[in-house]
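A.B. asks: Could you look at this predicted model? Sequence included:
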Amino acid sequence: MTDFYGVLFVRVEKKSGETLLARVIELVARARREKSSIERFIERFSKYYTPGVLSMSAVVALHSHSS
């Protein structure tokens, strides 16, 4: 609402920390800090899987050259 002098009056219903945008920002920040259980599983799995695949491929490559 404005008055006759061009002044805008605004009624605030929530504090800036209570808005939907503030909540979304907090959820995104928390998601960046915390890893989900699937992310932890993938990291543990890849720790062993990747070296295993590389080792097996080296064994196959060496075996195929010796035959």
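C.D. replies: Received the coordinates, thanks.
A.B. asks: Low-confidence ranges, this structure, go.
C.D. replies: Counting by pLDDT under 70, the ranges of the chain that qualify are 1-3, 66-67.
A.B. asks: Mind doing that once more with 90?
C.D. replies: Scanning the chain for pLDDT under 90 picks out 1-22, 31-37, 39-40, 64-67.
A.B. asks: can you map out the helices along it?
C.D. replies: Secondary structure of the chain (DSSP state H): helices at 20-33, 37-66.
A.B. asks: Of all those, which one is nearest Arg11?
C.D. replies: The minimum distance between Arg11 and the helices of the chain falls on helix 20-33, with 17.6 Å, by CB to CB. Heads up, the C-betas are built off the backbone N, CA and C, glycines and all.
A.B. asks: re the thing from before, adding mean neighbour count, write the helices of the chain out as CSV.
C.D. replies: Output for the helices of the chain, formatted as CSV (neighbours: other CB atoms under 10 Å):
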stretch, mean neighbour count
helix 20-33, 10
helix 37-66, 10
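A.B. asks: I'd like the ones you listed written out as a markdown table, with distance to Gly6 added.
C.D. replies: Below are the helices of the chain laid out as a markdown table (distance: least, CB to CB, whole Å):
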| stretch | distance to Gly6 |
| --- | --- |
| helix 20-33 | 28 |
| helix 37-66 | 54 |
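A.B. asks: what about these, which gets the closest to Leu8?
C.D. replies: Closest to Leu8 of the helices of the chain is helix 20-33 (CB to CB; 21.0 Å).
A.B. asks: can you give me the offset of that closest one from its chain's centre?
C.D. replies: Offset of helix 20-33 from its chain centre (CA atoms, centre = their mean, to the nearest Å): 11 Å.
A.B. asks: which helices and strands does that helix pack with?
C.D. replies: The helices and strands touching helix 20-33, judged by 3 or more CB pairs under 8 Å, 6 or more residues apart in numbering; DSSP states H and E, number zero.
A.B. asks: Could you shift the numbering so residue one becomes 807, and keep it that way?
C.D. replies: From this message on, residue numbering opens at 807, which makes the last subject helix 826-839.
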